[in-house]
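>>> Just to be clear, the model below is a prediction. Sequence and coordinates:
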Amino acid sequence: MTGHHLSAIPLQTKRLRLRPLALSDAEAMHEIYADPETLCYWSCKPARTMDDTRGLVQKDLDAAARGQGLFWAVSRARRPECIGKCVLFQIDETNQRAEVGFLLNRRYWRSGLMREAMSAVIDHAFGELGLHRLEADTDPQNAASLGLLERLGFKQEGLFRERWLVNGKRADSVMLGLLRPDWEGLDQP
């Protein structure tokens, strides 16, 4: 595993296809990035224009090109339209760890789709990438993401007070961790 050679390879689940994020996903991602409710815990303001969204997608593509993360567009198995994204970033090969992130179009919330998508990303991280630890950082008010992470086996490990500035407000951050042995021992969905 060498950071600059890492790339998001296609991943398949029962209902989903995860493929490398592309600039052509900006149109579908705009519905996500422009939604204040979806982005209320995200580290950027909602996009006002398609150009704003293209800039956000391009930022991910630039980070991927620099070897700073793996970015997947999530689509339903038989429909190519992007409905969300999954990310592995802050990949530390020496310590075999990375952080995870995800966004899903609000129309698909509470459908189990992000759990399915993230399960594939976690399998890939602990399998092909040989990582030992994954971390997630979320707002303690974000009950849906905390619930999803806990169902995926992540354990809360700490609280960082006023860690982020989100839309002009100081926000706390709950840190969660998942170890490969914990994932391997988890009853998978």
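Sure, I can see it. Residues are numbered from 1 along each chain as shown.

>>> The one helix or strand in the chain whose mean pLDDT sits lowest: which residues count as buried?
Within the chain, no helix or strand scores below strand 155-166, which has a mean of 89 by mean pLDDT, DSSP states H and E. Neighbour-count burial for strand 155-166, counted by 16 or more other C-beta atoms under 10 Å, picks out W164, V166. Yep, even glycine has a C-beta here, placed from its N, CA and C like the rest.

>>> any weak-confidence spans in the chain?
For the chain, the stretches with pLDDT under 70 are 1-5, 188-189.

>>> in it, which spans are helices?
Here the chain has its helices, by DSSP state H, at 26-33, 50-65, 113-126, 143-151, 180-184.

>>> And stretch 125-143, end to end?
One end of stretch 125-143 sits 25 Å from the other (C-alpha to C-alpha, to the nearest Å).

>>> Bridge partners for the spatially closest residue to L104 that is not a sequence neighbour, pull those for me.
Leaving aside its sequence neighbours, L104 sits nearest to G84 (C-beta to C-beta, 6 or more residues apart in numbering; 3.8 Å). When bridges are taken as DSSP bridges, the partners of G84 come out as V74, L104.

>>> how deep is G84 tucked in, by neighbour count?
Other residues near G84 come to 24 when the count uses other C-beta atoms under 10 Å.

>>> need the contact list for it.
Residues near G84 by C-beta atoms under 8 Å, 6 or more residues apart in numbering: I32, A73, V74, F102, L103, L104, N105, Y108, L113, M114, A117.
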